[in-house]
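Trainee: Sequence and predicted model, in that order:
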Amino acid sequence: MTQVADPTSKSESAAPATGRVSHWIGGRLVAGTSGRQGPVYDPAAGTVTRNVDFASTEEVDAAVAAAKAAFPAWRATSLSKRTEIMFKIRNLVDQRRHELAAHLTDEHGKVPSDALGEIARGIENLEYATSIPNLLKGSFTEQASTGVDVYQIRQPLGVVAGITPFNFPAMVPMWMFATAIAAGNTFILKPSEKDPSASLFLADLLAQAGVPDGVFNVVQGDKVAVDAILAHPDIAAVSFVGSTPIARYIYETGTRNGKRVQALGGAKNHMVVLPDADVDMAADAAVSAAYGSAGERCMAISVVVAVGDVADPLVDALKSRLPKIKVGPGSDPEAEMGPLVTREHRDKVASYLDSGPAQGADLVVDGREHVLYQEGKGFFLGVSLLDRVSPEMECYRNEIFGPVLEVVRVKTYNEAVGLINDNPYGNGTAIFTRDGGAARQFQFEVAAGMVGINVPIPVPVAYYSFGGWKSSLFGDLHMYGPEGIQFYTRAKIVTSRWPDPGTSTVDLGFPRTR
């Protein structure tokens, strides 16, 4: 996951803003008072459609105060009631998914199929959270010593916060808040300022579902809001998804201030294709995984590692598929890939199509030749393919986070595994092969947190946990699933001993024969 460049000036505006995105504090919409705002673009048109308020430290304090005040009653709410509310949230998001998807298309640029796919993965986490009574079950040991029982319970932390990225403005918040509030915490969401409207749509749905005021809050903003969250003494834990440099900053700052932190960083995901693989299946998978959501996802395949003599037919198969990908705005029902989120980010991605060939790569397909890049007003870049990339090149070393697929050619399986394990990132990886033994060896040897075998994007289902290794994760616990429950709760061990009832003089009210 990466951080894109901000517009040159927050005061510059291609068109008058037609709306305002504010905060959600204490169960209601609250207009910002800091006097600072940022533009929100329609990436397909290249125009500003609204402005988003940037919270001050005082506004973050107000959200935390609301969450802190709501915590005692929410924590004491029965599991059956919390479960009922989680079911209502799940159903409302499901019923309103097309409206939510429209916000993603308007502000991120995703075509509807990508937007709806994002929401579907978020709903999976809401469904997982409905099983919270089972997920919070503790353990019990009877007669640990004579007359002594020992048991463990898990309790919520208090006020927790999530700082989420632009690329999944609905799904990643659901990764966080679903587990957090189901477990009894209250939540502060700081979404990306680039596509903030989905956060308020979700806040309204939670209120409709019966989430009490103050349990879920949204503060819009930039680094001021982030730093206020990291410094606030009443916030017990912070979850983050974004670039590796910012993830490291979040982790170091948050833990220094006594918080529990999980910070997911960047990625450079490799897909190994062995000589025995089905070339057509591998090419289809690579194209889908590389260019879906315009490549702006942390689990995108950005590097295909072609082993041995599979390289030439694989590159030919990739090249033949690219002209068939329909690039266009989300309003085009035939569009399969939309624009990038900002002009600055689009231009940064396109720069690798110069630096790669300058450092020795072959530019097989140049996305800058697409008519929407050359003549459109939006932030479009066509699909691009670089072959004969090597590890020392800038395009390989950096997380491009756009519709650029690279091919690295190696001679052996061992060389492919070594390439992945030497990379500083360890988010996800995949292998395509018909050899079960090779696949098992790969899953055993490869240094990455999520592995796909003939599956190009191995995002775990909601009842497993999501997260990488190495510089892709800062913290001990992965996101959502069982490790999400661990992150948002803490264990308490109770050791108990009761007097022998035979020595008690208490009248327990049992019926007597008279």
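Mentor: Nice, thanks for sending it over.
Trainee: So Val226 belongs to a helix, correct?
Mentor: Yes - checked against DSSP: H, G, I helix; E, B strand; the rest coil, Val226 lies within a helix.
Trainee: List the contacts of it.
Mentor: Going by Cβ atoms under 8 Å, 6 or more residues apart in numbering, Val226 touches Ile163, Lys190, Ile250. All C-beta atoms are positioned from the backbone trio N, CA, C, and that covers glycine.
Trainee: Please narrow those to those residing in helices.
Mentor: Here DSSP state H is the test, and the contacts of Val226 give Ile250 as lying in helices.
Trainee: Can you lay out the contacts of Val226 as TSV showing neighbour count and pLDDT?
Mentor: Putting these into TSV (neighbours: other Cβ atoms under 10 Å; pLDDT from 0 to 100) gives the following:
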residue	neighbour count	pLDDT
Ile163	25	98
Lys190	27	98
Ile250	27	98
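Trainee: Against Ser22, how distant is Gly32?
Mentor: Distance, Gly32 to Ser22, by Cβ to Cβ, to the nearest Å: 5 Å.
Trainee: what do you get for Ala101?
Mentor: Taken as Cβ to Cβ, the span from Ala101 to Ser22 is 22 Å.
Trainee: okay, these two: which has more neighbours?
Mentor: Ala101 (24 against 21; other Cβ atoms under 10 Å).
Trainee: Pick out the residue closest to the middle of this protein.
Mentor: Val172 (3.9 Å; Cα atoms, centre = their mean).
Trainee: which stretch of helix or strand covers Ser34?
Mentor: Assigned by DSSP states H and E, Ser34 falls within no helix or strand.
Trainee: how near is the residue nearest to it when sequence neighbours are not counted to Asp106?
Mentor: Residue nearest to Ser34 in three dimensions, not counting chain neighbours: Ser56, with 3.9 Å by Cβ to Cβ, 6 or more residues apart in numbering. Separation of Ser56 from Asp106 (Cβ to Cβ) stands at 27 Å.
Trainee: more neighbours, these two?
Mentor: Asp106 (23 against 19).
Trainee: surely the more buried one meets Tyr41?
Mentor: No - here Asp106 lies out of contact with Tyr41, judged by Cβ atoms under 8 Å, at a distance of 9.5 Å.
Trainee: Need the overlap of contacts for the two.
Mentor: Thr49.
Trainee: where in the protein is pLDDT low?
Mentor: For the chain, applying pLDDT under 70 flags the ranges 1-18, 504-514.
Trainee: picking that back up, so the residue nearest to the centre of the chain sits in a helix?
Mentor: Yes - assessed by three-state DSSP, Val172 belongs to a helix.
Trainee: my read: it touches Phe166, true?
Mentor: No - using Cβ under 8 Å as the test, Val172 is too far from Phe166 to be in contact (9.8 Å).
Trainee: which residues do these two both contact?
Mentor: With Cβ under 8 Å, 6+ apart as the test, Val172 and Phe166 reach no residue in common.
Trainee: what distance separates stretch 429-445 from the middle of the whole chain?
Mentor: Relative to the chain's own centre, stretch 429-445 is displaced by 26 Å; criterion: Cα atoms, centre = their mean, to the nearest Å.
Trainee: Can you mark which positions in it are buried?
Mentor: Of the residues in stretch 429-445, Thr429, Ala430, Ile431, Phe432, Thr433, Ala438, Ala439, Phe442 count as buried by neighbour count, 16 or more other Cβ atoms under 10 Å.
Trainee: ditto for stretch 452-462
Mentor: For stretch 452-462, by 16+ other Cβ under 10 Å, it's Gly452, Pro456, Ile457, Pro458, Val459, Pro460, Ala462.
Trainee: I figured the third one hits Asn427, correct?
Mentor: No - under the criterion of Cβ under 8 Å, Ile457 is not in contact with Asn427, lying 10.8 Å apart.
Trainee: Which residues are in contact with each of those two?
Mentor: Joint contacts of Ile457 and Asn427 (Cβ under 8 Å, 6+ apart) are Met299.
Trainee: quick one on the thing from earlier: can you tell me the closest non-neighbouring residue to the residue nearest to the centre of the chain?
Mentor: Thr164 (4.5 Å).
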